[in-house]
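Q: I would like to see how this sequence folds:
(chains A, B and C)
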Amino acid sequence: MEIHLVHPVHPRPDEFVGIQEMLRQQVRTNRPLTFSGLSTVAGVDIAYGEQEGMETGFCHIALFKLPSMEIIERAESQGPITVPYMPGFLTFRELPLILDAAQKLQNVPDLFMFDGNGILHPRRMGIATHASFFLGKPTIGIAKTYFKVGETEYLQPAPEKGSFTDIIVGGEPIGRAVRTSAGVKPVFVSPGNQIDLSSATDIALQLTGPDSRIPVPVREADIQTRNMRRR
DNA sequence: GCGACAG
DNA sequence: ATCTTGTCGC
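A: Okay, the predicted model is just below:
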């Protein structure tokens, strides 16, 4: 698929904040999307390892057909990781490999799901949101642990599957703690771009099976990503 | 110096 | 994220 080069893929660290603030003005999270209206969904993830003394990243994108949930395509990429991990700037560390893999896709997914946040971020620019500008498609962020924005803590949702609590910052709901599986830790769902919060929550829940609290597409990418490390 | 900290 | 063994439980 085609990638839109919104800005250089390897900006200097002193440009990080400026890029995030620039893109922030173009985020649109008011569009409803229905699960039944989706034909395909892609799960994206990256694992880390070492090759020849270099920190190396392994990216995998798994494309699912709906509603069969059949995997119709996979795309991978791997290479040295040059940017250190800094909370709030995960995108700059992982985006290069994600775009390398996405560019190889023969099919254009209707939606991408990421391991990490969307607008549940200090500058509303988590990896799912940031990547959407390069992909030109709706995205959703699924984080396994809470990334505190400002002083906002999250309230524990009820133990039943499907329950959730809004995470409100400055009067705006920018994410939800969602119980995707009964009695287990919640996941943190937030719109990346081109989709609203309730649609993102609904889709995340419908794509979560009984085996894991993580939506299937992201879980699949996570599993494949570690297999890559072994070879 | 101390605490916080998506992946 | 990754480093790491066994162990408790369904």
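
Q: Count the neighbours of residue A:31 for me.
A: For residue A:31, the count of nearby residues is 12 (other CB atoms under 10 Å). (C-beta placed from N, C-alpha, C; glycine too.)

Q: Also residue A:135?
A: Neighbours of residue A:135 (other CB under 10 Å): 27.

Q: Ok, residue A:141 next?
A: 33.

Q: continuing past the helix or strand harbouring residue A:43, what's the next helix or strand?
A: Assessed by DSSP states H and E, residue A:43 sits inside strand A:40-51. Sequence order places strand A:54-65 as the next helix or strand after strand A:40-51, per DSSP H and E.

Q: Which strands or helices does that following strand pack on?
A: Contact partners of strand A:54-65 among helices and strands, from 3 or more CB pairs under 8 Å, 6 or more residues apart in numbering; DSSP states H and E: strand A:40-51, strand A:70-80, helix A:90-102, helix A:216-230.

Q: can we see that at 10 Å?
A: strand A:40-51, strand A:70-80, helix A:90-102, strand A:111-115, helix A:216-230 (3 or more CB pairs under 10 Å, 6 or more residues apart in numbering; DSSP states H and E).

Q: quick one: contacts for residue A:188?
A: Residue A:188 sits next to A:116-118, A:120, A:126, A:141-147, A:154, A:164, A:167, A:175-178, A:204 when contact means CB atoms under 10 Å, 6 or more residues apart in numbering.

Q: can you tell me which of the helices and strands packed on strand A:54-65 comes nearest to DNA strand C?
A: strand A:40-51 (3.5 Å; CB to the nearest atom of the strand).

Q: in a strand, that's where residue A:2 is, yeah?
A: No - under DSSP: H, G, I helix; E, B strand; the rest coil, residue A:2 sits outside any strand and is assigned coil.

Q: ok, it - contacts?
A: If you count contacts by CB under 10 Å, 6+ apart, then residue A:2 has A:102, A:103, A:105, A:108, A:134, A:135, A:136 around it.

Q: Also residue A:161?
A: A:178, A:179, A:180, A:181, A:182, A:183, A:184, A:205, A:208, A:210, A:213.

Q: Can you turn the buried part of these into a ChimeraX selection?
A: For the buried members of those, the matching ChimeraX selection, counting by 16 or more other CB atoms under 10 Å, is:
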select /A:178,179,180,181,205,208,213
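
Q: wait, which of the contacts of residue A:161 is closest to residue A:40?
A: Checking these against residue A:40 by CB to CB gives residue A:208 as the nearest, at 17.4 Å.

Q: isn't that closest one right up against residue A:180?
A: Yes - between residue A:208 and residue A:180 there is a contact under CB atoms under 10 Å: 4.2 Å.
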